[in-house]
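# Quick one, fold the following:
(2 chains)
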There are 2 protein chains.
Amino acid sequence: MKRLHKLGAWEAASLLASREITSEDLVRDCLAQIEAREPHIHAFVHLSPDTAIAQARQIDAGTRRGLLHGIPFGVKDLFDTADAPTGYGSPIYASYQPSADAAAVAHCRAAGGILLGKTVTTELANMQPTAYVASPNLVPAVASDAVVTTRNPHNFEHTPGGSSSGSAAAVASFMLPLSLGTQTAGSLIRPAAFCGVVGFKPSHNRIAKAGVKSLSETLDTLGGFARSVRDAALLGSVLTGDARIAHPSCFAEVDASQANLDKDLQGIRVGLCQTPEWNLADSDTQEAWALATQLLQNAKLQKLELPAAFSNLVAVQKDIQAYETARSLLPENRQVPCRLSAPLQALLAYGETISGQAHVANLLATHHARQQVQDLWRQVDVIFAPSTIGAAPYGLAHTGDPLFCRTWTLLGLPCIHLPFTKTADGLPMGLQLIGGYGQDHKLLAAAHTLHQQLLRQG
Amino acid sequence: MKRLHKLGAWEAASLLASREITSEDLVRDCLAQIEAREPHIHAFVHLSPDTAIAQARQIDAGTRRGLLHGIPFGVKDLFDTADAPTGYGSPIYASYQPSADAAAVAHCRAAGGILLGKTVTTELANMQPTAYVASPNLVPAVASDAVVTTRNPHNFEHTPGGSSSGSAAAVASFMLPLSLGTQTAGSLIRPAAFCGVVGFKPSHNRIAKAGVKSLSETLDTLGGFARSVRDAALLGSVLTGDARIAHPSCFAEVDASQANLDKDLQGIRVGLCQTPEWNLADSDTQEAWALATQLLQNAKLQKLELPAAFSNLVAVQKDIQAYETARSLLPENRQVPCRLSAPLQALLAYGETISGQAHVANLLATHHARQQVQDLWRQVDVIFAPSTIGAAPYGLAHTGDPLFCRTWTLLGLPCIHLPFTKTADGLPMGLQLIGGYGQDHKLLAAAHTLHQQLLRQG
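Alright, predicted model coming up:
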């Protein structure tokens, strides 16, 4: 019998709806895949196999609940869960058990989704990988007290990226079809890029943040991972409550003829935006860019220059993140500074050097840039831009640089990473698409078409 | 010996700095006032007298920590506290003990403030007053199992307003010089108006929200209560990290001569904005308005018309609040709907009828209005507007209407309520001042001058 863990969420939802498969079998096959792969990947800090199987049986016995009916999902360990411990990637919260689910988790469950486990986050969703004692329940431990860090499924010596490390790695290694994460700088798009999956960061503040550890009011954005655009759309629709995002008419024709695909491509105005930081992109990113622009030549491509003032936005984003994170994490930094890593302490110390006056100037610059960017949508439907400097870097001590995500996060625009090629070393490469604020449904519809074309020839 | 509980925060800070008083005596006098008044007011759900006295002794023995050095403060029970239970005004969280302080609480403590107690919030900071079993530790209970609701210190038969009911009532009845609250519609300005204290709502997202129960990303704003503008400025400076907000040069001359005050007034361009809802203001608000415009005639007064599109913003604010609150409280509404009040259930049910598409349209309308409002600051320095429909309504079953606060909350602008007169029935009346985004320091400096004038003759 065919194992089901390789099914995408959209396909599984369809097979569940027609009762060709059961949620229990889907959950069991994902758990089997976790048992096989987790000892090498270390994507999870907690698994809920028994609860998940019991819930799957309930789902199989009941009527349809929503878009995620019977679909297993994972949740970054920055989201509170009422029935699983929540550690925020920090020893400070090692034994913390929240009393309620985060709103986003509750929305996935209300739509019929089945929480399979909590996935590894970096320390308090910052830059430092979390080393945790292997391994969660269910999985035979590598060694019962070995300290491990999440690995890239494509090459165990390379980082999966962060801070949503486990969520990206779990989806990439077919342990789960969907998972939740957050982005403050580049924590959805970067791990998606490094692990070769689709990462979707919706428009800022479209998803209720209740029950997610808060770092930066201005930047924190909830989102998720999937292996296709239409799977990401299912999740995005549930999280935002916008039915347009997963409207079947946008995603039906996965096997469209090249002629039909070309017709769709011709209707999409794509702004090619290398960004002011392009000189820092390495040869892998440059090659992926050249390949993509060639593959998408039937779309309406045009070079897009950002307003001159935008060249400063990376610096603005960095300082807003440092200032707000330092203020958000003051309770931990006052009470137990010794339990914060040295790099995180350094970030907080830097944040504390920024004056409230300078911070307001940064907020006003952000508001102004968010206004200015609205003009771009008269010229283009979506923006095509680099996701990362290059492929997943070697080593597990760092999670890579979010450079190419900072500006788009600051602008609050919806972004989606599209994987479509590999480096000579076999590491995934892709690029991101950016849409207008609140136009998540248009972004995903365009992304689906463009991704079909990139995958067909990439 | 003079009792110290009537001291404002600014004056107390000055006397503490010169060691003319001790923090321990200040805390003890506030506790004595609580013991006397709390059985009638019911402002607190929890008190920490022993911890507070111990901390005051440490403060007295140590070096100066910051702007709130040795000053007692109270915190709305919507903010997490590591050393006091946190109930969010809901039976769902009756026994909840957070593991860490909210960031705002940590900032007050880091500045030397002493947490004296948790103050009553309405149910999950919505419209329903919380009835709780009297009375917190320390205070002799009215009756050991009596169910009580916070009362207006000026007339026990009238509401103190909400949702920050206890924080406003505690400051109004001299139980505390400062307290923290939140506003999603009118939950700072309205109780400040009804209780006759200064209520300060800073610019949206200037204060870290970590550890405060989240209802609405777009609207939730942290702030606080005091009995003078300069006391509110002390608190605002600590909460935002902006040293300009409490700069002594803005507040030194409380006893300025009328000639000097008139000179200062002449430098302030005040936009008089009755708002499109003025026809709903009652005669008390109309009389306060007439009195204020007469008292402030030496300022540069001008009538200010809002852009026509703003007439719709009250409806936009209501729908954004309902949509986001329904999504934020889904965990509670899914798990224990029976423990939510009927009015809150009705609000959540209404929020669930709003589509994601309609919500995005509301967010875009908000962004547009936030842009448009920037033009107003070319004409005026501050806007003068009604705070409430009238004085505190009779009865404890409702907390009054936030109508006149909704637009300013939606716009994210800093607001401050200035009490300056009373109705024929002895209930407090005042009006609010509104400033430009991020210009909290300018708003408070102008508010201080205008309030001096209003109090001198009001």
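
# tell me the secondary structure for A:A349?
Secondary structure, DSSP: H, G, I helix; E, B strand; the rest coil: A:A349 is helix.

# Check the burial of the closest residue in space to it that isn't next to it in sequence by counting its neighbours.
Distances taken as Cβ to Cβ, 6 or more residues apart in numbering or on different chains put A:A326 closest to A:A349, at 7.8 Å, once the chain neighbours are dropped. (Each C-beta comes from the backbone N, C-alpha and C, glycine too.) The local packing of A:A326 (other Cβ atoms under 10 Å in any protein chain shown) involves 23 other residues.

# Quick check: A:A326 vs A:S249, distance?
46 Å (Cβ to Cβ, to the nearest Å).

# Next: A:G395.
For A:G395, the distance to A:S249 - Cβ to Cβ - is 45 Å.

# contacts for the helix or strand containing the residue nearest to A:A349?
Counting by DSSP states H and E, the element that carries A:A326 is helix A:313-328. Helix A:313-328 is contacted from outside by A:126, A:184-185, A:214-219, A:276-277, A:333, A:347-352, A:354, A:358-359, A:362-363, A:365-366, A:369, A:403, A:406-407, A:409-411, B:103, B:107, B:207-208, B:210, B:241, using Cβ atoms under 8 Å, 6 or more residues apart in numbering or on different chains.

# For the stretch 51-200 of chain A, which residues score under the pLDDT cut-off?
A:133-147 (pLDDT under 70).

# on that earlier part again, quick one: pLDDT of the residue nearest to A:A349?
We note a pLDDT of 98 for A:A326 in this prediction.

# Same check on A:A9?
For A:A9, pLDDT reads 97.

# need the contact list for the residue nearest to A:S173 when sequence neighbours are not counted.
Nearest non-adjacent residue to A:S173, counting by Cβ to Cβ, 6+ apart: A:P153, 4.0 Å away. Contacts for A:P153 (Cβ under 8 Å, 6+ apart) come out as A:37, A:41, A:160, A:169, A:172-173, A:195.

# if I look at the residue nearest in space to the middle of chain A, how far off is A:S167?
In chain A, the residue lying closest to the centroid (Cα atoms, centre = their mean) is A:L188, at 3.0 Å. Using Cβ to Cβ, one gets 9 Å for the distance from A:L188 to A:S167.

# now swap in A:E24 and tell me
23 Å.

# Looking at the two, which is more packed in?
A:S167 (39 against 20).

# on that earlier part again, tell me which of A:G395 and A:S249 has more neighbours.
Neighbour count, other Cβ under 10 Å: between A:G395 and A:S249, A:G395 has more, with 12 against 8.

# shouldn't the more buried one be in contact with A:P160?
No: if you go by Cβ atoms under 8 Å, A:G395 and A:P160 don't touch, sitting 11.6 Å apart.

# Now the nearest residue to A:P386 once chain neighbours are set aside: which helix or strand?
In this structure, A:P386 finds its nearest non-sequential neighbour in A:F404, 4.6 Å apart by Cβ to Cβ, 6+ apart. Element membership for A:F404 (DSSP H and E) is helix A:403-411.

# Return the list of helices and strands in contact with that helix.
helix A:189-195, helix A:313-328, helix A:356-372, strand A:415-422, strand A:428-434 (3 or more Cβ pairs under 8 Å, 6 or more residues apart in numbering or on different chains; DSSP states H and E).

# what's the most buried one of those?
Counting by mean count of other Cβ atoms under 10 Å in any protein chain shown, helix A:189-195 has the highest mean neighbour count of the helices and strands packed on helix A:403-411, with a mean of 35.

# Need the phi and psi values for whatever residue of the stretch 151-300 of chain A ends up closest to chain B.
Per Cβ to the nearest Cβ, the residue of the stretch 151-300 of chain A with the smallest distance to chain B is A:D242, at 2.9 Å. The phi/psi pair for A:D242 (degrees, to the nearest 10) reads phi -100, psi 110.

# repeat for A:L116
phi -100, psi -30.

# Run through the residues that contact A:R339.
By Cβ under 8 Å, 6+ apart, the neighbours of A:R339 are A:90-92, A:332.

# Distance-wise, check A:H359 relative to B:H367.
Distance from A:H359 to B:H367, by Cβ to Cβ: 21 Å.

# what does A:A246 give?
24 Å.
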